[in-house]
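> Sequence plus the predicted model coming up.
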Amino acid sequence: MKKTLSVLLSAVLIVMGFSLLVPVYAQDAPVVAVSEQTAKNGDTVDITVTLNNSPEIASVKLAVDFDSDLSLNSVTYGDALGAGMTQQPQTLSGTVILNWLDLTPISGGILFATLSFTVDEYAAPGLKSVTVTYDPEDLCDIDENNVYFDVANGGVSVICDHEYTSTVEAVASTCCTQGHAAYTYCIICDEILSGSNEPLPLDPANHEGGTILNNAKAASCTKAGYTGDTCCFGCGAVLTAGETIPMLAHTVGDWITDGENHWHHCSSCGQNVDVAAHSGGTATCCSRAVCEICGAEYGELDPDNHTGGTELRNERPISMTEAGYTGDLCCLGCDAVLEPGEEFFVPGDANLDGELDVTDLIRLKKHLIDSSVEISVFADISGNGIILPNDLEYMRALIIGAEYTVAEPGKE
């Protein structure tokens with residue numbers, strides 16, 4: 001389309017010797033509008049294609065498609081197109097192409113074409129669409145600039161004249177089927193012309209189909225039974241309610257236990273019943289609690305609940321080679337140590353008289369001179385396992401209450 005316009009425009013410019021001005025576009029958006037009409041089956045109706053709010057335009061090519069219930073009779077281009085070149089569609093079925101070309105641009109509201117359609121005799125009521133599409137390259141101004149249009153499609157709304165009707169008699173409601181009032185409707189479009197086919201409420205008093213006994217259940221040791229409900233066979237409504245049959249007792253023997261729970265086993269249903277955790281009784285340090293229900297021992301010993309009395313164990317007197325020990329107070333029931341004892345000695349007590357004094361200092365001096373002089377291990381104040389002259393200085397400091405620092409091993 002643009003090539004055709006370009007060739008035609010070049011020829012005219014050579015002859016006329018002037019150039020065209022660039023057009024000023026309208027503020028409102030351009031729209032290709034397809035009209036919508038109302039018609040009955042078999043009617044002939046005109047549908048218009050209008051260019052609304054069009055800026056100056058010199059070339060238009062539109063593709064028109066329409067519903068299969070419409071037959072296109074003819075296409076008439078609008079008078080506003082002037083002496084421009086128009087082209088009748090090559091076919092009046094399928095996609096129809098509308099063409100127009102002119103060196104004198106037009107603008108504003110333009111009746112582009114009128115399409116005459118005939119509605120099919122058997123078309124169903126409703127909108128039969130007529131739609132327009134276009135390639136952006138096929139709508140342009142005199143300078144071959146593309147002009148863009150929105151599209152508002154339309155068509156033919158087919159209405160029914162209700163020539164063929166049928167009347168449906170009223171149907172009474174029952175307990176399970178909704179009835180309706182009498183009504184007359186159009187056989188072609190199904191529109192209700194008189195009366196109503198809206199469902200009426202069910203009639204719960206109008207039962208049909210007899211009765212049946214539902215929900216009857218035998219009692220067992222796990223579930224209560226039920227005599228059953230007398231019900232309407234048609235709607236299932238309960239006409240006479242049944243009664244509950246009490247649950248049967250379990251068939252059980254002696255208690256069964258484990259470390260945490262006790263229970264009975266029912267020989268009828270195979271289930272464990274009366275399941276509960278052990279309870280009651282008091283645990284001690286040497287025996288577990290006894291359940292008040294089943295008599296089984298359970299739980300853990302209570303290390304804090306001692307029984308059977310106490311005794312003092314592991315006492316040890318002080319000696320020249322070892323510190324004394326006060327002994328451990330122990331439970332006679334579980335042998336647990338309730339109160340651990342303590343070691344006792346006097347640091348520097350060389351002669352083991354229970355005191356640190358000058359006599360210990362003298363004993364240490366004698367031992368350093370003559371190792372055969374017996375001396376306690378507590379004279380090893382440095383704690384290195386060997387009695388050395390430094391221990392004499394440490395002992396002197398202890399006696400007078402002075403501070404001292406034990407030398408590192410090997411640096412005495």
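Structure received.

> what about Glu169, distance to Asn314?
112 Å (C-beta to C-beta, to the nearest Å). Using the backbone N, CA and C atoms, a C-beta is placed for each residue, glycine as well.

> the more surrounded of these two?
Counted by other C-beta atoms under 10 Å, Glu169 and Asn314 do not tie: Asn314 has more neighbours, with 12 against 8.

> how near is the more buried one to Asp335?
12 Å.

> how about the nearest residue to Leu239, chain neighbours excluded?
Thr230 (5.0 Å; C-beta to C-beta, 6 or more residues apart in numbering).

> what sits against the one you found?
211-213, 238-240, 242 (C-beta atoms under 8 Å, 6 or more residues apart in numbering).

> Please tell me how far it sits from Gly108.
Thr230 is 83 Å from Gly108, by C-beta to C-beta.

> can you map out the strands along the stretch 1-150 of the chain?
Per DSSP state E, counting those that start in this stretch, the stretch 1-150 of the chain carries strands over the ranges 31-34, 36-40, 44-66, 70-77, 85-87, 96-119, 126-133, 139-140, 150-152.

> Just say which of the ones you listed is most tucked in.
strand 139-140 (a mean of 22; mean count of other C-beta atoms under 10 Å).

> distance between that one and the chain's centre?
Distance of strand 139-140 from its chain centroid, counting by C-alpha atoms, centre = their mean, to the nearest Å, is 53 Å.

> try stretch 146-153
45 Å.

> what's next to it, contact-wise?
Against stretch 146-153 from outside (C-beta under 8 Å, 6+ apart): 25, 29-34, 51, 54-55, 57, 129-134, 136-137, 139-141.

> and what of stretch 336-355?
285, 303, 306, 310, 314-315, 318-320, 323-331, 356, 359-361, 363-364, 367, 375-376, 378-379, 381, 394-395, 398-399.

> Those residues, buried ones only, as a ChimeraX selection?
Here is the ChimeraX command that selects the buried residues among the contacts of stretch 336-355 (16 or more other C-beta atoms under 10 Å):
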select :285,306,318,323,325,327,328,330,331,356,360,361,363,364,367,375,376,378,379,381,394,395,398
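
> What about the nearest residue to Thr38 once chain neighbours are set aside, how many residues nearby?
Of all residues not flanking Thr38 in the chain, Ser157 sits nearest, at 4.8 Å (C-beta to C-beta, 6+ apart). Neighbours of Ser157 under the rule other C-beta under 10 Å: 15.

> Then Ser157 would be within a strand, right?
Yes: Ser157: assigned to a strand according to DSSP: H, G, I helix; E, B strand; the rest coil.

> ok, now which ones touch it?
Neighbouring residues of Ser157 by C-beta under 8 Å, 6+ apart: 36-39, 126-128.

> how about these, which pair is most distant?
Pairwise distances across those (C-beta to C-beta) peak at 13.6 Å, for the pair Gln37 and Gly126.

> which secondary structure element contains the residue nearest to Leu239?
According to DSSP states H and E, Thr230 maps onto strand 229-232.

> So what are the sheet partners of that strand and their directions?
strand 211-214 (antiparallel), strand 238-240 (antiparallel) (DSSP bridges).

> How far does that strand sit from its chain's centre?
43 Å.

> Please apply the same query to stretch 234-245.
Chain-centre distance of stretch 234-245: 42 Å, with C-alpha atoms, centre = their mean.

> buried sites along that stretch?
Applying 16+ other C-beta under 10 Å to stretch 234-245 flags 234-235, 242, 245 as buried.

> What pLDDT does the model give the residue nearest to Leu239?
In this model, Thr230 is scored at 92, pLDDT.

> residues in contact with the nearest residue to Val60 once chain neighbours are set aside?
Leaving aside its chain neighbours, Val60 sits nearest to Trp100 (4.8 Å; criterion: C-beta to C-beta, 6+ apart). By C-beta under 8 Å, 6+ apart, the contact list for Trp100 reads 59-61, 77, 81, 84-87, 112.

> This completes my enquiry, with thanks.
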